[in-house]
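> Sharing a model that was predicted from the sequence below.
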Amino acid sequence: MPSYKLVYFDLRGRGEIVRLCFHAAGVTFDEERIDYPSEWTAEKKAAAPFGELPYLEIDGKKFAQSGAIASYISREYGLYGDSALENLFIDGVVALTVDYFDTWVRSYFEEDANKKVELETKLKNEVLPKFLGHLEKVLTDSGSGFCSGQRLTLADLAVHHTLEVSYRDFPDIYANYPKVVENRKKVESLPRLKSYLSSRKVTEI
Ligand SMILES: N[C@@H](CCC(=O)N[C@@H](CS)C(=O)NCC(=O)O)C(=O)O
C-alpha cells in the first residue's frame, strides 16, 4: 500500500471528506494540520500544487483538489460502486453536495453583516430544504438506507460531511427528511466511522 499524507488546515472544511474516505476504508494515513492563518505562510502556499489545501501526498508526490482525491481513494478502496453507471450516479450526488457546500461557504464567510443575514436566511429557508428534498428522493429511490446500492459509498460520506453544520445548527428542519436522518445514523453506526467520529478533534467547521 502506498504511503499517504493529507495536508489541510486544522478544521473539517474541504479536507474532512478525504479523512472520512480513509477511515471508512480502514486505510492508515498521516496528516499535517496547518493552523490558519498563523501557519499558512507564503512558503506553504507555494508548496501546495494549486496554492490551496487540501492536497494529498502519495509516496511523496502531491495531488490537489478534495473531490479528485476523495474519488481516487473511493475508487481504490471500494467506495465508488460497481459500474461506470454507479460511478456516474455517485459523482452526481457528490457534485450536489459540493454545490450546497459552496453556497454555505459564501454565507459563512460573508463579512458584510446585512448581506450575511440575507445569505443565511436564504440558505436555511430555500437552499437547504431544496438540497435535503433531493437527498430524500435519492434515498427513497435506493431503498437501502444508502444513497447508492446496498452499501456505503463516497456519496454517503459526502452527504454526511456536508450536512454536519446544518444538522448541528438547524436540527428542527430534519424532521421533514426522515430518510436523510436514517442515512446519517446508518453511516455513523458503521464500526470504523463510529470509532473515528466519536474520537476526532472537534472544530467549529
Ligand atoms: N476546489 C478546491 C478548493 C480548495 C480551497 O478553496 N481551499 C481553501 C481552504 S478550504 C484554501 O486553501 N484557502 C487558502 C488560500 O486560498 O490561500 C478543493 O476542493 O480542494
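Cool, got the structure. Numbering: from 1, shown residues only.

> can we go C-alpha only for contacts and neighbour counts from here?
Noted.

> what ranges do the helices span in the protein?
16-25, 42-47, 66-76, 84-109, 113-122, 128-142, 154-169, 178-189, 191-199 (DSSP state H).

> Adding distance to Asp59, write these out as TSV.
Output for these, formatted as TSV (distance: least, Cα to Cα, whole Å):
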stretch	distance to Asp59
helix 16-25	16
helix 42-47	16
helix 66-76	14
helix 84-109	26
helix 113-122	42
helix 128-142	36
helix 154-169	23
helix 178-189	30
helix 191-199	24
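
> Just say which of these is most tucked in.
Among the helices of the chain, helix 16-25 has the highest mean neighbour count (mean count of other Cα atoms under 10 Å), at a mean of 22.

> can I get the CA coordinates of it in CSV?
Provided in CSV are the C-alpha atoms of helix 16-25 (Å, rounded to 0.1, in the frame of the first residue of the first chain):
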residue,chain,number,x,y,z
GLU,A,16,-12.8,16.1,6.0
ILE,A,17,-14.2,14.2,3.1
VAL,A,18,-10.7,12.8,2.5
ARG,A,19,-10.4,11.8,6.2
LEU,A,20,-13.8,10.1,6.1
CYS,A,21,-12.8,8.1,3.0
PHE,A,22,-9.6,6.9,4.6
HIS,A,23,-11.4,6.0,7.8
ALA,A,24,-14.3,4.3,6.1
ALA,A,25,-11.8,2.2,4.0
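
> Which one of the helices of the chain lies nearest to the ligand?
Comparing the helices of the chain against the ligand with Cα to the nearest ligand atom, the closest turns out to be helix 66-76 (3.9 Å).
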